[in-house]
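Engineer: quick one, fold the following:
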Amino acid sequence: MSVPWWCLMSWVPAQTRQGAALAQSIVNFLRDKGATTFIATHYPELKLYAGQTPGATNASLLFDLDTLSPTYEMTIGLPGRSNAIAIARRLGLDETILADAMRLLGAEQPQSRIAAGPSTICAKR
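Structural biologist: Take a look at the predicted model:
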């Protein structure tokens with residue numbers, strides 16, 4: 001298989017551990033073929049992997065929370081975060097539910113208006 005100049009992949013839907021393991025295996029396969037990988041993901045295992053693995057780098061695809069749409073911009077070097085709670089709030093989910101979700105996460109931090117979302121970008125060296 002020849003490595004494309006670049007590729008964009010959304011991670012396969014699976015149980016978190018299985019999905020993370022499958023995604024890491026795909027990245028390893030591409031790295032073994034000579035690709036440098038930029039990883040934007042919800043999986044904490046992959047964020048850690050990208051920060052510690054030569055040839056893999058964290059990246060974030062930006063998302064506009066006002067319009068609930070991607071900006072088609074990428075930040076390299078920083079892992080992204082999930083926008084599920086911000087999107088649910090924008091779509092009108094009850095604040096009691098949102099507050100409980102935030103409590104369960106232990107994260108009472110405000111979301112920026114532009115936030116990062118999941119995907120993976122691969123580029124040939």
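Engineer: Glu73 in helix, strand or coil?
Structural biologist: strand (DSSP: H, G, I helix; E, B strand; the rest coil).
Engineer: quick check: phi and psi at the nearest residue to it once chain neighbours are set aside.
Structural biologist: Of all residues not flanking Glu73 in the chain, Leu62 sits nearest, at 4.5 Å (C-beta to C-beta, 6 or more residues apart in numbering). (Each C-beta comes from the backbone N, C-alpha and C, glycine too.) Main-chain torsions, Leu62, degrees, to the nearest 10: phi -80, psi 150.
Engineer: neighbours around Leu62, how many?
Structural biologist: 17 (other C-beta atoms under 10 Å).
Engineer: most centrally placed residue in this protein?
Structural biologist: Thr41 (2.2 Å; C-alpha atoms, centre = their mean).
Engineer: that residue and Leu91, how far apart?
Structural biologist: Thr41 sits at a distance of 23 Å from Leu91 (criterion: C-beta to C-beta, to the nearest Å).
Engineer: go on, Phe29?
Structural biologist: Applying C-beta to C-beta to Phe29 and Leu91 gives a distance of 37 Å.
Engineer: between these two, who's got more neighbours?
Structural biologist: Taking other C-beta under 10 Å, Phe29 and Leu91 do not tie; Phe29 has more neighbours (12 against 8).
Engineer: buried stuff in the one helix or strand that one maps to?
Structural biologist: Assessed by DSSP states H and E, Phe29 sits inside helix 16-32. Residues of helix 16-32 classed as buried by neighbour count (16 or more other C-beta atoms under 10 Å): 19-20, 23-24, 26-27, 30-31.
Engineer: elements contacting the helix or strand following that helix?
Structural biologist: For helix 16-32, the following helix or strand on the C-terminal side (DSSP H and E) is strand 35-40. When contacts are defined as 3 or more C-beta pairs under 8 Å, 6 or more residues apart in numbering; DSSP states H and E, strand 35-40 packs onto helix 16-32, helix 44-52, strand 56-64, strand 69-76, strand 119-124.
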